[in-house]
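Enquirer: how would this look folded up:
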Amino acid sequence: MESEHQPKLSPIRAFQALHGVSAEEDPYTSLSEYHDYEPRLEFDDSELTQAPGLAPLPPELLDISDDFLNHSASDGTIEENFEEELARAPESYAEIAQSSLEDSFAELNGTGLVDVVGDDEIGRRIIVVSACRLPPSKDLHPDRLLRYLMFTLDKYVEQDYSLVYFHCGLSSKNKPPLSWLWKAYKAFDRKYKKNLKALYLVHPTNFIRIVWQMLRPAISVKFGRKMMYVNYLHELKQHLNLDKLCIPNTVLEYDTLLLAKNPRAAETARLCPERVEKTGNSKSTPKESLSPPRTQQFGVSLQFVTENNVDMVDSIPPVVRQCVEYLSQPDALETEGIFRRSANIATIKELQRACNRGEPISFKGDPHNAAVLLKTFLRDLEEPLMTFDLYDEILQFQSWSNRDKPRKVKILILERLPAENYRLLKYIFQFLWKVQDRSCLNKMTSNNLAVVFGPNLVWPPNGQMSLQSIGPINAFTDFLLENQESIFIL
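Expert: Modelled structure (predicted):
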């Protein structure tokens, strides 16, 4: 018989003991000095600030007025018995994925809850989830939310991607039940986790840390290393271009409030090369304008490259020609997942610098370096290859009748594109035709290539692409690939 004086295990310890998990904590990635390691959380939040030796959340994250919490930030509460909920969670959710295939999710598509905002600097697709845009729980069944997330992610998880989660705005009114979190983790199987390269949790609160602690015994160490806490937006800027993220005003206001409570963090944000403003745009510190060298190819206009590079052949930028010629070799062309994988950021930066200096470049025997460099060149152009003037019309592509599409697309490509843009677009699409022709080996169909290249060929003047614009852009790109022989004049 157990002694009545035997210490009672906390719920977390009991869960760990049940699953044979050591109480010793593993370190995890953090972007802030406040998160040197994951604290040993009990269910009493006071331990976050009172227990000796713990690395608590920043004080400003724990000292927010109730009025602000009620309308924007997480209330940090868990009302359920998590042990019962975890034990009740089923093992298979194939029916959820299947039922989402024929669902339009009309009421969620316009909320901005999920945004796909193009690629980062090494070719990973960026997906943004904003808790402040979650509808009230009474208006949205949790299973429907899960189906929507799976339906949206399914289009992008076959390539490397990063996920940004803005936690600000999660409250008792729109927070899914705890059982749903476990259900979601189980539903997002290896297909979703394999190509996730980074998960940024922005403005974490006690709720995030408690849930992480509860789920940790069931989460692989490899997945845990992909997660990073981001306490302030200027920390996120070390990794992503904030101009592309469509950050909700609620998140921007919350970040401003947190900075006001931490002068040291505010000073760090002020000293950043670019600072996030309430409008969501970044303002650069005025600098003396310097003309780029004549050999530069990245970060300038296509016209600049065309007019200044002496190595141009048939008006094709040297870096594009080198990438295409390398990737056209059989071994490279047949690489599985080509254009879906990211590359080492240091290697890509080194190749960019060599190109800008007009030096020979070596892809180090890795086709993914050439593939990422080609996408990076297109993404870094001052104006997209399809030009800003055509953006609004391309967004209307799916509303055109099948009969009108060939004629309207030819007008855009043959009559509206500048000559140098047309020549480069034709060159790239003739190469991509070779890629999709080997799709039985490289797994890159025209649809897969459209998903990869669409956002690198077309984007809006403000640089912020929404999920609603991704669909028509990808469909337009797929149409060009399927019909390139009849569209481009030989």
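Enquirer: Next, give phi and psi for residue 114.
Expert: phi -120, psi 130 (degrees, to the nearest 10).
Enquirer: Please apply the same query to the one 4 residues further on.
Expert: Per-residue torsions, residue 118: phi 90, psi -160 (degrees, to the nearest 10).
Enquirer: Verify the contact between it and residue 127 for me.
Expert: No: counting by C-beta atoms under 8 Å, residue 118 does not reach residue 127; the two are 10.3 Å apart. C-beta coordinates here come from the backbone N, C-alpha and C atoms, glycine included.
Enquirer: Can you list the residue ranges for helices in the stretch 151-300 of the chain?
Expert: Taking DSSP state H, counting those that start in this stretch, the helices of the stretch 151-300 of the chain run over residues 178-187, 190-194, 206-215, 221-224, 233-236, 249-260, 263-271.
Enquirer: Between helix 249-260 and the last one, find me the angle.
Expert: Right, the one you point to is helix 263-271. In terms of direction (axes from the mean of the first three to the mean of the last three C-alpha atoms, to 10 degrees), helix 263-271 departs from helix 249-260 by 120 degrees.
Enquirer: just how off-centre is helix 263-271 within its chain?
Expert: With C-alpha atoms, centre = their mean, to the nearest Å as the basis, helix 263-271 stands 26 Å off its chain's centre.
Enquirer: for the fifth one, same thing?
Expert: Centre-to-centre, helix 233-236 and its host chain are 15 Å apart (C-alpha atoms, centre = their mean).
Enquirer: So which elements touch that helix?
Expert: In terms of contacts (3 or more C-beta pairs under 8 Å, 6 or more residues apart in numbering; DSSP states H and E), helix 233-236 is packed against strand 196-202, helix 249-260, helix 263-271, strand 274-276.
Enquirer: Would you format the ones you listed as JSON lines with mean neighbour count included?
Expert: Shown next, in JSON lines, are the helices and strands packed on helix 233-236 (neighbours: other C-beta atoms under 10 Å):
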{"stretch": "strand 196-202", "mean neighbour count": "20"}
{"stretch": "helix 249-260", "mean neighbour count": "19"}
{"stretch": "helix 263-271", "mean neighbour count": "13"}
{"stretch": "strand 274-276", "mean neighbour count": "19"}
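Enquirer: In the stretch 151-300 of the chain, where is pLDDT below threshold?
Expert: Where the stretch 151-300 of the chain drops to pLDDT under 70, the residues are 215-219, 272-290.
Enquirer: Using PDB, write out every CA atom in the helix or strand containing residue 393.
Expert: Following DSSP states H and E, the helix or strand that holds residue 393 is helix 391-395. The C-alpha atoms that make up helix 391-395 are tabulated as PDB, following Å, rounded to 0.1, in the frame of the first residue of the first chain:
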ATOM      1  CA  TYR A 391      -0.800  41.700 -61.600                       C
ATOM      2  CA  ASP A 392      -4.500  42.600 -61.400                       C
ATOM      3  CA  GLU A 393      -5.400  41.000 -64.700                       C
ATOM      4  CA  ILE A 394      -3.500  37.800 -63.800                       C
ATOM      5  CA  LEU A 395      -5.700  37.600 -60.600                       C
END
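Enquirer: how far is that helix from where the chain is centred?
Expert: Taking mean C-alpha positions (C-alpha atoms, centre = their mean), helix 391-395 and its chain are 23 Å apart.
Enquirer: Next SSE downstream of it?
Expert: Using DSSP H and E, the helix or strand that follows helix 391-395 towards the C-terminus is helix 405-410.
Enquirer: buried ones in that following helix?
Expert: Buried residues in helix 405-410, defined by neighbour count with 16 or more other C-beta atoms under 10 Å: 405, 409-410.
Enquirer: Break the chain into its domains for me.
Expert: Split into domains by automatic domain parsing, the chain comes to 11-284, 302-487.
Enquirer: worst average pLDDT in the ones you listed?
Expert: Among these, domain 11-284 has the lowest mean pLDDT, at a mean of 69.
Enquirer: hang on, the earlier thing: of all the helices of the stretch 151-300 of the chain, which one comes closest to residue 418?
Expert: Counting by C-beta to C-beta, residue 418 lies closest to helix 233-236 out of the helices of the stretch 151-300 of the chain; the figure is 35.6 Å.
Enquirer: Could you export the domains of the chain as a markdown table, including distance to residue 293?
Expert: A markdown table is the format used below for the domains of the chain (distance: least, C-beta to C-beta, whole Å):
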| stretch | distance to residue 293 |
| --- | --- |
| domain 11-284 | 21 |
| domain 302-487 | 7 |
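Enquirer: closest one to residue 291 among the ones you listed?
Expert: Nearest to residue 291, of all the domains of the chain, is domain 302-487, at 9.9 Å by C-beta to C-beta.
Enquirer: gap between the two ends of the closest one?
Expert: 22 Å (C-alpha to C-alpha, to the nearest Å).
Enquirer: Next, count neighbours for residue 192.
Expert: Residues near residue 192, counting by other C-beta atoms under 10 Å, number 18.
Enquirer: Which single helix of the protein contains the most residues?
Expert: helix 419-437 (DSSP state H).
Enquirer: Next, the buried residues of it.
Expert: Those would be 420-429, 431-433, 435-436, for helix 419-437 by 16+ other C-beta under 10 Å.
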